[in-house]
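1. Got a sequence here, can you build the structure:
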Amino acid sequence: MTKKKNENNRGVDELAKTQNSPAETDPLLEYETTAVDLREGVCLGWQDIRVSRKQKDGEMKEILKGVSGQARAGQLTFIMGGSGAGKTTLLNVLTNRNMKEMEMSGTILMNGREICASELKRFSAYVQQEDAFISGFSVYETLDFAAKLRNPDELDSDQRAELVEKLLIQLNLKKCQDASIGGVAQKSISRGERKRLAFACEILTNPSILFCDEPTSGLDSYMSHQVMSSLRDLAISGKTIICTIHQPSTPVFLMADALILLNQGQVVYCGPANKVDDYFAKLGYPLPLFTSSTEHFMAVLSKNNEETDQHYEARLKVCEEKNRFQANRKLFVFSALTQQNIEVHNNFDYLGDAKEQQSTGFARSWLQQFIYLYIRANIQLFRKKRYVCIKITQTMVISGVLGLVYLQVPIHRNYLLGMKGVIFATFQMNNTLFMLPSMVVFWEDYPVVVREFQANMYSPSAYFLAKTTADSLQYIIYPLIFSSIVYFLCGLPLHQKAMISYMGMSVAMGLIVTAMSAAVVSLFGDLTVSLIGAPLIGIPLMTFGGFLITFDSIPLYYKPIAYFSWYKYAFEAVIIAFFENVGEIPGCSIKTYNIEFGCSTGEQFIKDLDFSPDRYWYDWIAILLIFLFWKLLGLFVFTRRISRA
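-> Below is the predicted model of the structure:
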C-alpha cells in the first residue's frame, strides 16, 4: 500500500513539473492547425460555458465550469465522462433544452460566428436517449408521417416517398419497414432498429448537426455497433455528429474522430480520439497492457480507494488546467480558420444576421397539422381492436345489468324513485366508465408529443384538438350504446323529446368527462396523480347533482359547486323532458299529496326536485358552456406544459 501511495505522489509531482510547458506535452498541434472546409458542413465551437443551478438551500451549484470545445463537420465527436460529469448538461446547453432554473454563460460559435442556442436549432436535430413512437404504426408509416409534417409543401408526394425510401436504405431499415412498432409489453422492432428509426426521423430535414444523447443506452454490443456505424456513415456524408456516451466498447470507441472528456463539470481532454492515450501517457498515465482506452482514462479520472482526497484533487487539477490552456488555444485557432473559410466561400449564404437566423417555425400550416394529426389519431384508435372490443363489451354488459335492475319502470307513484335512479345512474356510469380510461388513452403518447414538438413538427394546440376530436367519436358511440340499451329495457317514455334529451345528455356527459380528463391530466402532468386527483373533482360535482339532495337543501357554502355540476343540469333537463307533459301521475291524487308520496302531477314532481320547466334550454346551454370550459382549460394547460417541456 505504501509503495502505491509513493507512486501516486510521484505522479502528481511529475504532473506539476509539466504544467507550465503545455506546448511540449501537447500531441494535438496537428489537430489545431488543420484547415476546415465549410462548403459542405457546419463546425460548432463553444467557449467558457458555465452552468449553475439553484439548490433547495438557496445556494448555487456549478455544474459546468468554463467548458470549451469544438465539433467539426464530417466527424463523429464523443462527449464522455462518468456519471454527473456534465455530459447531458453540456448537450442541453448546445440544444437549448431542459434549461429551466439554470443560469448559463459562455459563447457558442458556428463556423466562427457567435450565435445563440435557439438559433442553432435551425441547423440541427436532436435524438433523445429514450425512443418514443406512436404504437401500432409500421416503421415506414412513422417515417412517412414525419416526412409529411417536417418537409414543406414544395416537396410533392413522389419526392417525399423517394426521401423516405432513401433513408430506409441508408439506415438499414428496409427489411423492417413493414414491422409494427409495439407499445409496452407488445411485440415490436428491436431497440437498435428503434434507435436507427429515431435517427431517420431527425435527419429528414437534412440538418447539418445531429446531437445524440446516449445513443447506445440499453443496447448490446452488436446493436451498439450497428447504431454507431449508422452515425459514422452520417458523419462521413458531411454532417457534424455529437454524441454523449457513457463507456463504449472498444470497436465503438474506435469509430470516434474526436473526443471531449469531462470530469466534475470540467474538460480534461478535447482532441482526436486516437490521441487520447498519448495525451494521458505524457501526463504520466500510460495505457496498461490488456486495457482498453475507455477503461484506462475513466480509471484515471476515478478516485482510488487508497488515494487521499488531496492527491486525487491535485491530479485532476493538473489535467484540467493543462487542457483548459489547450482547449482555449484550439478554439481560437478553430475560430480564425473557420472565419477565414467563410470569407473565402461566399456561397455559404445561410449564415446571415441574427434576425435571419431565427427558425421559420413549422413546415406546415396549423390546419394541415390538424388534418394529419386527426387522421393519425383515428388510425391509431381503429387499430386498437382489442381495446375497442373490450370497451364495447363493457358498455353493453353494464348497461344490460342496469336495465335489468330497473326493468320496465313505468311512470307510477311506486316507481318514481326508480325512475330517478335510472336517470342518475346513467350519468354516474358515464363518469365511471369513461373518465379514467380516457386519461390513459390521452396521456399515453405524451413523450412522443414532446419529442415531435421539440422537432418542430406541429404545435401543441393542433395535437390537442386533433387528438380530442378523434377520441370524441368513441365517446359519442359508447354513451349512445349504453343509453339505448337502458332506455328500452327500462321502458322509459317513448316520445321524441324524452328520448333525445336522455340520449343527448348521455353523450354530453361522455364528452364533458373526457374533456375534463384531458384537462386534469394536463394540469397534473402525471398519470398516477391524475387518477387519484380526478375523483376529487368528479365526486363532489356528482353529490350536488340533484339526486342525493335537492338544490334548495344544499348548504350555502356548497352551492357554487352545484352551479358548476353538469350532473345537475343534465338531471334537470331529462326530468323535465320526462314529466313536463305528464298530468296526474298514476297512483297519485290530490288526496294522497303530501301524505303518501308528496306529489300528484308531473309538474308537481318537477317542482319538488327544485327544478323548473322554464330552465330546460338553460340546462343545455349550461352543459355546452361547461364542455367548452373544460376543453379550453385543457387546451391552455396542455399547450403550456408541452411548450415548457
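
2. could you list every residue that touches residue 399?
-> Shown in contact with residue 399 (C-beta atoms under 8 Å, 6 or more residues apart in numbering): 429, 481, 482, 483, 485, 486. C-beta coordinates here come from the backbone N, C-alpha and C atoms, glycine included.

3. Put the buried members of those into a ChimeraX selection.
-> The ChimeraX command for the buried members of the contacts of residue 399 (criterion: 16 or more other C-beta atoms under 10 Å) is given here:
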select :429,481,482,483,485,486
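
4. Let me know the closest of the contacts of residue 399 to residue 566.
-> Checking those against residue 566 with C-beta to C-beta, the nearest one is residue 429 at 14.4 Å.

5. Just to be sure, the closest one is in a helix?
-> Yes. If the criterion is DSSP: H, G, I helix; E, B strand; the rest coil, then residue 429 is within a helix.

6. so where's the protein uncertain?
-> 1-40, 183-187, 303-360, 410-415, 586-600 (pLDDT under 70).

7. can you give me the strands for it?
-> 44-54, 60-71, 76-80, 102-110, 113-115, 124-127, 209-213, 240-244, 258-263, 266-272 (DSSP state E).

8. Not counting sequence-adjacent ones, nearest residue to residue 116?
-> In space, and not counting its chain neighbours, residue 116 is closest to residue 108: 7.0 Å by C-beta to C-beta, 6 or more residues apart in numbering.

9. who's that neighbour bridged to?
-> Beta bridges link residue 108 to residue 46, residue 115 when assigned by DSSP bridges.

10. Now do it against residue 243, distance only.
-> 18 Å (C-beta to C-beta, to the nearest Å).

11. Those two: which is more packed in?
-> Set residue 108 next to residue 243 and count neighbours by other C-beta atoms under 10 Å: residue 243 wins out with 27 against 19.

12. what pairs with the more buried one across the strands?
-> Residues in beta-bridge contact with residue 243 (DSSP bridges): residue 78, residue 212.

13. pretty sure it is touching residue 75, no?
-> No. Counting by C-beta atoms under 8 Å, residue 243 stays clear of residue 75, with 11.2 Å between them.

14. to the chain's geometric centre, what's the distance from stretch 366-382?
-> 18 Å (C-alpha atoms, centre = their mean, to the nearest Å).

15. neighbouring contacts of it?
-> Contacts for stretch 366-382 (C-beta under 8 Å, 6+ apart): 134-137, 145, 148-149, 362, 364, 388, 457-459, 461-463, 465-467, 469-471, 473-474.

16. Of those residues, which count as buried by neighbour count?
-> Of the contacts of stretch 366-382, these count as buried by 16+ other C-beta under 10 Å: 134-137, 145, 148-149, 362, 364, 457-459, 461-463, 465-467, 470-471, 474.

17. hmm, back to that, let's have the strands of the chain in a markdown table, adding distance to residue 233.
-> Below are the strands of the chain laid out as a markdown table (distance: least, C-beta to C-beta, whole Å):
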| stretch | distance to residue 233 |
| --- | --- |
| strand 44-54 | 20 |
| strand 60-71 | 17 |
| strand 76-80 | 10 |
| strand 102-110 | 23 |
| strand 113-115 | 27 |
| strand 124-127 | 15 |
| strand 209-213 | 12 |
| strand 240-244 | 10 |
| strand 258-263 | 17 |
| strand 266-272 | 20 |
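
18. dump the residue contacts of residue 439.
-> 517, 518, 520, 521, 527, 530, 531, 534.

19. Near the fourth one, how many other residues are there?
-> The reference is to residue 521. By other C-beta under 10 Å, the residues close to residue 521 number 26.

20. how near is the closest residue to it other than its chain neighbours to residue 581?
-> In space, residue 521 comes closest to residue 530 once its chain neighbours are excluded; the distance is 4.1 Å by C-beta to C-beta, 6+ apart. Distance of residue 530 to residue 581, computed by C-beta to C-beta: 43 Å.

21. Show me which of the two is the more surrounded one.
-> Higher neighbour count among residue 530 and residue 581: residue 530, with 22 against 14, using other C-beta under 10 Å.

22. quick one: the more buried one and residue 518 touch, right?
-> No. In terms of C-beta under 8 Å, residue 530 does not count as a neighbour of residue 518; the distance is 9.9 Å.

23. Please enumerate the helices of the stretch 301-450 of the chain.
-> Under the criterion DSSP state H, counting those that start in this stretch, the stretch 301-450 of the chain contains helices at 309-344, 354-357, 366-382, 385-405, 416-443, 446-454.

24. that older thread, now render the contacts of residue 399 as JSON lines, adding distance to residue 235.
-> Output for those, formatted as JSON lines (distance: C-beta to C-beta, whole Å):
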{"residue": "429", "distance to residue 235": "58"}
{"residue": "481", "distance to residue 235": "56"}
{"residue": "482", "distance to residue 235": "58"}
{"residue": "483", "distance to residue 235": "61"}
{"residue": "485", "distance to residue 235": "62"}
{"residue": "486", "distance to residue 235": "64"}
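
25. Which ones among the contacts of residue 399 map onto helices?
-> 429, 481, 482, 483, 485, 486 (DSSP state H).

26. Count the residues that sit near the closest residue to residue 92 other than its chain neighbours.
-> Leaving aside its sequence neighbours, residue 92 sits nearest to residue 98 (C-beta to C-beta, 6+ apart; 4.8 Å). Using other C-beta under 10 Å as the criterion, residue 98 is surrounded by 13 other residues.

27. same deal with the one 4 residues further on?
-> Residue 102: 15 surrounding residues under other C-beta under 10 Å.

28. wouldn't it be in contact with residue 52 here?
-> Yes. With contact defined as C-beta under 8 Å, residue 102 and residue 52 form a contacting pair (7.1 Å).

29. Now list whatever residues contact both of the two.
-> residue 63.

30. quick one on the thing from earlier: would you point out the most distant pair within the contacts of residue 439?
-> 518 and 531 (13.6 Å).

31. which of those two has more neighbours?
-> Using other C-beta under 10 Å as the criterion, residue 518 and residue 531 rank with residue 518 on top: 26 against 18.
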